[in-house]
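Participant: Coordinates for the following, if possible.
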Amino acid sequence: MSPKIREIKGGGAKNRQSIWFRTYRHDIFNFYYKEFYVYGEGKKRVPKEIVDWITPRVLAYWFMDDGSKEQSGYSLATHSFCYNDNLILVDALCKLGLDVSIHKDRNKFHLYIKAKDICKFNDLISIYILDCFLYKLHKL
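Facilitator: A predicted model of the protein is given here:
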């Protein structure tokens, strides 16, 4: 379906918008469902093979979707994964040469790319970042 725009009222002087759409389900994506969800439970998980799947391009797409600039580094939202799954993701990002730690956020976790690796992170992903997401990167 075509994208729909919804105005979000309240929460300050600025009105915000939410843009959403629906897509069709296709069997070609079943592979990913089987890899990232526990069958029959609908619970998310990180497959061990992710260590081989994460490339700078994949990281850039992930960051555009679920990443954010912190005061002195970057974070990746991994709140829906358990601690052990976050460890697998840390291993995958370490293979790209990044120094990554797991931070606790209430009873959930997210990944933090340390300040010393801001340049390295930018170098890895910047060629894949769409212009409309450049605001998420630290200016160097």
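
Participant: So what does residue 68 have for phi and psi?
Facilitator: Residue 68 has phi and psi values of phi -150, psi 150 when expressed as degrees, to the nearest 10.

Participant: actually residue 133, not the one I typed
Facilitator: According to degrees, to the nearest 10, residue 133 has phi -110, psi 0.

Participant: Give me the neighbour count for the closest residue to it other than its chain neighbours.
Facilitator: Nearest-residue entry for residue 133: residue 64, 4.6 Å, with adjacent residues in sequence omitted and distances by CB to CB, 6 or more residues apart in numbering. C-betas here are computed from N, CA, C, even on glycine. Residue neighbour count, defined by other CB atoms under 10 Å, stands at 16 for residue 64.

Participant: The one 5 residues further on now?
Facilitator: Residues contacting residue 69 under the criterion other CB under 10 Å number 15.

Participant: Could I get the phi/psi values of it?
Facilitator: Backbone geometry at residue 69, expressed as degrees, to the nearest 10, gives phi -80, psi 130.

Participant: swap in the one 5 residues further on?
Facilitator: Reported as degrees, to the nearest 10, the phi and psi values for residue 74 are phi -130, psi 150.

Participant: do residue 4 as well
Facilitator: Residue 4 has phi and psi values of phi -120, psi 140 when expressed as degrees, to the nearest 10.

Participant: And the helix or strand of the chain with the lowest mean pLDDT, what's buried?
Facilitator: Taking mean pLDDT, DSSP states H and E as the measure, the chain has strand 16-20 as its least confident helix or strand, at a mean of 83. When neighbours are counted by 16 or more other CB atoms under 10 Å, no buried residue of strand 16-20 is found.
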